[in-house]
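Engineer: Generate a structure from the sequence data that follows.
(one chain, ligands or ions: 3)
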Amino acid sequence: MMSLSRHNFLKRLVREQKVGALMGSLLKEIRNGGHSVADTESKAGLGGGVEDVYGEDCATEDQVLTPWTASVASGYTLLRDPHYNKGLAFTEKERDAHYLRGLLPPAILTQELQEKKLVQNLRQYEVPLHRYIAMMDLQERNEGLFYKLLIDNVEELLPVVYTPTVGEACQKYGSIFRHPQGLYISLREKGKILEVLKNWPERGIQVIVVTDGERILGLGDLGCQGMGIPVGKLSLYTALGGVPPSACLPITIDVGTNNEKLLNDEFYIGIKQKRATGQEYAELLEEFMTAVKQNYGEKVLVQFEDFANHNAFELLSKYSKTHLVFNDDIQGTASVVLAGLISSLKLLGGQLADHTFLFLGAGEAGTGIAELIALEISKKTNAPLEETRKKVWLVDSKGLIVKSRIGSLQHFKKPWAHDHEPIKELVDAVKAIKPTVLIGTSGVGKTFTREVVETMASLNEKPLILALSNPTSQSECTAEEAYAWTKGRAIFASGSPFDPVEYEKKLLVPGQANNAYIFPGFGLGLIMAGAIRVHDDMLLAASEALAAQVTQENYDKGMIYPPFTNIRKISANIAAKVAAKVYELGLASNLPRPKYLVKYAESCMYSPLYRSYR
Ligand SMILES: NC(=O)C1=CN([C@@H]2O[C@H](COP(=O)(O)OP(=O)(O)OC[C@H]3O[C@@H](n4cnc5c(N)ncnc54)[C@H](OP(=O)(O)O)[C@@H]3O)[C@@H](O)[C@H]2O)C=CC1
Ligand SMILES: CC(=O)C(=O)O
Ligand SMILES: [Mg+2]
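Structural biologist: Residues are numbered from 1 along each chain as shown. Ligands and ions are numbered 1, 2, ... in the order given. This next block holds a predicted model:
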């Protein structure tokens, strides 16, 4: 442990002295107001990463940079540092300068050619999990190439590094485990969490995604093996939102697992005990949150991910008062769904307030979305929240949430207990409530049965059906079912991707209603502005920014989200609107406010292109 810490410390020191000194003055100019990028709109100096401490993200392709000194002394080490490794793309000059002669075969490939080869190789794997493993190996070997590949082939590779494949990867994480990724903080580290954070080699952390693995997608408690989720989410922060990889830190808090299968699995990577709860759990989380602030300061964004709802709401409510925290499942999901609802009005007609919403599933995602819908309607109509909430109905595992159940409801369900007789089955709730929009957030697959969907179709000319549960196995219904059972009339989007469906010679394109549209740009916006707290109005701003980017061409295909192909542009626009809201609310600490926020967001985004080494 000692030698590792010292190694990391030296590595940091050297990187800061060598590269930091080179880039420091340039960065200061860009970041610290005065003559800012945004003011001048000049191209000079653009291309920097957010808080790019070491300068490597800031250097454009034509600027040279020096990798850390230990690498200069040993080309072997340089080849094994994913941050700087370029594999066969090292030039003759670099091979000489960095002691790489003989350590590589003679061929020199461009990054484009390396990418072409990898795409071909990946397509040869028939098993999605094998693609996932190949991608993770690449990430550990050559970060720039990993991100170039992901950015250039986002539609094809999102389902590999993210849902649905990441779900299977988490289930089998122990068996496929090769390189440790992210930071593991278990009950054994109690009292030493600050020390653990200091073992991480990067200091300029801007975003932490943390899970305790208790509700991984709709797959339940996967304990320590939930690590695949923060790793995947942060890959998207970089690829989709442009936050530099060196500024991202995936963390798994291991308090045990109640998953018997994992407890009996000889390859399980976590601590083999039942989950700690109550005071023991709260104390570990408190130590973690305190250590995070102490180590990284006030402005680090902590994204809570895939916690079970009995902890998630409380953690969010507690730490949103003292930290920059965001719960992706509650808030990110709400924002992406609201965006889809706003854009769907172009197809459905009317205003949001004219619609009736019914949810299957009343947990984090369900009640999070419900609350943001009610808030948006309230803002648009000036009606009080108590009134606008009445447009929204939820069904949980016990049936429709109604007043007579209020005594036994969890606190986050209580606002949704409206006057109605109890109803047990979803299909009966659909018949009674007559929703225009049906949203699945139950985590249980195949729950939008033929009867449910046909009832929606009998009530609505264009039923809007969102099957949000992940991964694909948990989707409430498939795209094909939604279109077939509504005779092609449904507007459909799902949490995990489905292929387009041909229905009666018409190509119907389902959307992917996934918080991946929101959190990368949302986080970038917070970081850009130096936000110190998250506010609901920022979520609304993100929703409106996303909805505004759906084109007529998209609508013509029945889509309510833009395709992921342009996601970096989309994220920059979301970031700009979020940052603008942060400034407007007086919650920004990066002053003065850049004038051209979209341009500024773009200038902050990480580029995966190789840099030349001197
Ligand atoms: N597309 C996206 O971007 C996102 C998708 N999700 C997905 O949403 C799903 C739910 O996540 P989350 O809200 O965090 O989970 P929670 O555990 O917080 O909530 C699940 C809810 O579903 C209810 N439920 C479970 N089984 C049934 C059933 N058979 N019939 C009716 N209701 C049922 C539960 O009822 P009860 O309260 O009675 O137990 C609970 O209210 C997951 O699959 C997740 O992957 C989540 C976030 C983002
Ligand atoms: C997408 C996501 O965050 C989830 O399914 O939990
Ligand atoms: Mg999640």
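Engineer: In the stretch 51-200 of the chain, mark out all the helices, start to finish.
Structural biologist: Taking DSSP state H, counting those that start in this stretch to define them, one finds helices in the stretch 51-200 of the chain at 69-73, 75-79, 92-97, 111-124, 128-141, 143-152, 154-161, 165-171, 173-176, 193-199.
Engineer: Please read the previous query as pertaining to the stretch 351-500 of the chain.
Structural biologist: 364-381, 385-388, 426-433, 450-459, 479-485.
Engineer: longest strand anywhere in this structure?
Structural biologist: Ranked by residue count and defined by DSSP state E, the top strand of the chain is strand 248-254.
Engineer: picking that back up, adding mean pLDDT and distance to residue 376 as columns, could you present the helices of the stretch 51-200 of the chain in JSON lines?
Structural biologist: Heads up, the C-betas are built off the backbone N, CA and C, glycines and all. Shown next, in JSON lines, are the helices of the stretch 51-200 of the chain (pLDDT from 0 to 100; distance: least, Cβ to Cβ, whole Å):
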{"stretch": "helix 69-73", "mean pLDDT": "48", "distance to residue 376": "51"}
{"stretch": "helix 75-79", "mean pLDDT": "94", "distance to residue 376": "51"}
{"stretch": "helix 92-97", "mean pLDDT": "96", "distance to residue 376": "53"}
{"stretch": "helix 111-124", "mean pLDDT": "98", "distance to residue 376": "40"}
{"stretch": "helix 128-141", "mean pLDDT": "98", "distance to residue 376": "36"}
{"stretch": "helix 143-152", "mean pLDDT": "98", "distance to residue 376": "32"}
{"stretch": "helix 154-161", "mean pLDDT": "98", "distance to residue 376": "27"}
{"stretch": "helix 165-171", "mean pLDDT": "98", "distance to residue 376": "30"}
{"stretch": "helix 173-176", "mean pLDDT": "96", "distance to residue 376": "38"}
{"stretch": "helix 193-199", "mean pLDDT": "98", "distance to residue 376": "38"}
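Engineer: hey, which of the ones you listed is tucked in deepest?
Structural biologist: helix 165-171 (a mean of 24; mean count of other Cβ atoms under 10 Å).
Engineer: Pull the distance from stretch 587-594 to the chain's centre.
Structural biologist: Centre-to-centre, stretch 587-594 and its host chain are 24 Å apart (Cα atoms, centre = their mean, to the nearest Å).
Engineer: And stretch 565-573, by the same measure?
Structural biologist: Worked out by Cα atoms, centre = their mean, stretch 565-573 lies 14 Å from the chain centre.
Engineer: burial of residue 333, as a residue count?
Structural biologist: Residue 333 sits with 25 neighbouring residues when counted by other Cβ atoms under 10 Å.
Engineer: So it belongs to a helix, correct?
Structural biologist: Yes. Assessed with DSSP: H, G, I helix; E, B strand; the rest coil, residue 333 lies in a helix.
Engineer: Quick check: pLDDT value at it.
Structural biologist: Per-residue pLDDT puts residue 333 at 98.
Engineer: Now the helices of the stretch 51-200 of the chain in JSON lines, please, with extra columns for distance to residue 515.
Structural biologist: Listed next are these as JSON lines, based on distance: least, Cβ to Cβ, whole Å:
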{"stretch": "helix 69-73", "distance to residue 515": "37"}
{"stretch": "helix 75-79", "distance to residue 515": "36"}
{"stretch": "helix 92-97", "distance to residue 515": "40"}
{"stretch": "helix 111-124", "distance to residue 515": "25"}
{"stretch": "helix 128-141", "distance to residue 515": "20"}
{"stretch": "helix 143-152", "distance to residue 515": "18"}
{"stretch": "helix 154-161", "distance to residue 515": "13"}
{"stretch": "helix 165-171", "distance to residue 515": "14"}
{"stretch": "helix 173-176", "distance to residue 515": "22"}
{"stretch": "helix 193-199", "distance to residue 515": "26"}
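Engineer: Distance to ligand 3 for the ones you listed - can I get that in a markdown table?
Structural biologist: A markdown table is the format used below for those (distance: least, Cβ to the ion, whole Å):
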| stretch | distance to ligand 3 |
| --- | --- |
| helix 69-73 | 36 |
| helix 75-79 | 35 |
| helix 92-97 | 41 |
| helix 111-124 | 25 |
| helix 128-141 | 17 |
| helix 143-152 | 19 |
| helix 154-161 | 14 |
| helix 165-171 | 10 |
| helix 173-176 | 16 |
| helix 193-199 | 23 |
